[in-house]
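Participant: I'd like to go over a predicted model; first the sequence, then the structure.
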Amino acid sequence: MNVRLSGGWDKVARLLTTGPARIQGAARRALLQEGHYLRGKVVQGFTSQAPGGLPFKPLSPRTLETRRQRGFRGTKILIVTGDLRNSISVLTLHGGDAVFVGVARTARRRDSGDLQENIAATHEFGATRGTATIPARPFIGPIMEQYAPTARDRFLRRIAYLLAGDFGTMPLRGMAR
């Protein structure tokens, strides 16, 4: 039996040789892009004071008075110095196969360089400190709840975009790259 190949077999050979590494690289890059997309949504939640559309619980009169006594006139919740908002980060884990979006336990205060207490968890879940109760003001959970259902679609669209040409194309349709 005689077999004769015609067409773009050189392209097929190249795809079979380089495809797995390209797909893995695109998946890792798409995952990192999704992490930065979610980080942006968390930061927007601080700015809007309503992460995921859920408004923060108002500050108590006692907290507002304490702020005034310390010379801070702002009333934005969870924003006095901006350290908490600015510490929201994206970290790659497991060699790029996973990402973490949140506040790393090694986050440092801008003014003193000291390690922050787990202030993110305190505000995300609430806490009691002596006679004071700090109400939960979640800023990560609502974002994850709102955007997790569509994460798979964004991820796959990013991979298709990053692999454009060889495996077909799929427009991002206005998504952040």
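Facilitator: Received it, and whenever you're ready, just let me know what you need.

Participant: the longest helix in the chain is where?
Facilitator: Longest helix in the chain by number of residues (criterion: DSSP state H): helix 9-48.

Participant: now the element after that one, going C-ward?
Facilitator: Following helix 9-48 in sequence order, the next helix or strand is helix 61-69 (DSSP states H and E).

Participant: mind giving me the packing neighbours of that following helix?
Facilitator: Using 3 or more CB pairs under 8 Å, 6 or more residues apart in numbering; DSSP states H and E as the contact test, no helix or strand touches helix 61-69. C-beta coordinates here come from the backbone N, C-alpha and C atoms, glycine included.

Participant: touching, residue 87 and residue 103? I think so.
Facilitator: Yes - judged on CB atoms under 8 Å, residue 87 makes contact with residue 103 at a distance of 4.9 Å.

Participant: is the closest residue to residue 104 other than its chain neighbours in a helix, a strand, or coil?
Facilitator: Sequence neighbours aside, residue 89 is the residue nearest to residue 104 in space, at 5.9 Å (criterion: CB to CB, 6 or more residues apart in numbering). For residue 89, the assignment made with DSSP: H, G, I helix; E, B strand; the rest coil gives strand.

Participant: pairing partners for residue 89 in the sheet, please.
Facilitator: Assessed by DSSP bridges, residue 89 has beta-bridge partners residue 102.

Participant: gap between it and residue 137?
Facilitator: 19 Å (CB to CB, to the nearest Å).

Participant: more neighbours: which of the two?
Facilitator: residue 137 (20 against 15; other CB atoms under 10 Å).

Participant: hang on, that one packs against residue 76?
Facilitator: No - with contact defined as CB under 8 Å, residue 137 does not count as touching residue 76 (11.5 Å).

Participant: which other residues reach stretch 67-86?
Facilitator: Under the contact criterion CB atoms under 8 Å, 6 or more residues apart in numbering, stretch 67-86 has outside partners 43, 46, 49, 56-59, 64, 103, 107, 109-111, 116, 119-120, 123, 137, 139.
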